[in-house]
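*Asks:* After the sequence you'll find the predicted model.
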Amino acid sequence: MQRTFVRIATMRILDLAVGDVVNREPDARSGWFVVEDIRRLPSGEINVTNAASKGSVMGAPHDIVGVQVAKNVEQSGA
């Protein structure tokens with residue numbers, strides 16, 4: 001059987017990529033969303049959203065956000 005364990009890492013907004021699961025608050029238990037669009041605004045800030053634009057994070061390139069890092073682990077039955 002395979003299980004997925006999730007760790008929360010912190011990352012700069014500048015380093016996010018499409019497909020990352022993010023939240024403005026790394027310790028949050030809800031409000032996470034999958035990054036589907038990253039735009040640099042004329043002001044220099046970066047806007048990160050999902051397709052429905054219901055989830056979003058905006059900030060300076062070096063602002064820190066939480067990112068879920070998933071790891072699949074094989075577990076043998078006992």
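*Replies:* Received the coordinates, thanks.

*Asks:* Under the pLDDT cut-off, which ranges of the protein? List them.
*Replies:* Within the chain, the ranges that satisfy pLDDT under 70 run 53, 77-78.

*Asks:* Next, name the residue at the spatial heart of it.
*Replies:* residue 22 (1.9 Å; CA atoms, centre = their mean).

*Asks:* what helix or strand is that one on?
*Replies:* strand 21-23 (DSSP states H and E).

*Asks:* Strand partners (parallel or antiparallel) of the next helix or strand after that strand?
*Replies:* Per DSSP H and E, the first helix or strand lying C-terminal to strand 21-23 is strand 33-34. Applying DSSP bridges, strand 33-34 is found paired with strand 21-23 (antiparallel).

*Asks:* Now residue 15: phi and psi?
*Replies:* phi -90, psi 0 (degrees, to the nearest 10).

*Asks:* can you give me the strands in the protein?
*Replies:* 2-12, 21-23, 33-34, 37-40, 46-49, 56-59, 64-74 (DSSP state E).

*Asks:* Tell me which residues are up against the shortest one.
*Replies:* Contacts of strand 33-34 with the rest of the structure, by CB atoms under 8 Å, 6 or more residues apart in numbering, involve 19, 20, 21, 22, 23, 50, 54, 55, 56. Glycine gets a C-beta too; all of them are placed from N, C-alpha and C.

*Asks:* Let's see that with 10 Å instead.
*Replies:* With contact meaning CB atoms under 10 Å, 6 or more residues apart in numbering, strand 33-34 is reached by 18-23, 48-57, 68.

*Asks:* before we move on, what about the last one?
*Replies:* By CB under 10 Å, 6+ apart, the residues outside strand 64-74 that reach it are 1-13, 15-17, 20-28, 31-32, 34-35, 48, 57, 59.

*Asks:* list the contacts for residue 14?
*Replies:* 38, 40, 46, 59, 60, 61, 62, 63.

*Asks:* Among those residues, the buried ones, what's the PyMOL command?
*Replies:* To isolate the buried members of the contacts of residue 14 in PyMOL, using 16 or more other CB atoms under 10 Å:
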select buried, resi 38+46+59
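
*Asks:* what sits against residue 46?
*Replies:* Per CB under 10 Å, 6+ apart, neighbours of residue 46: 12-14, 16, 38-40, 57-63.
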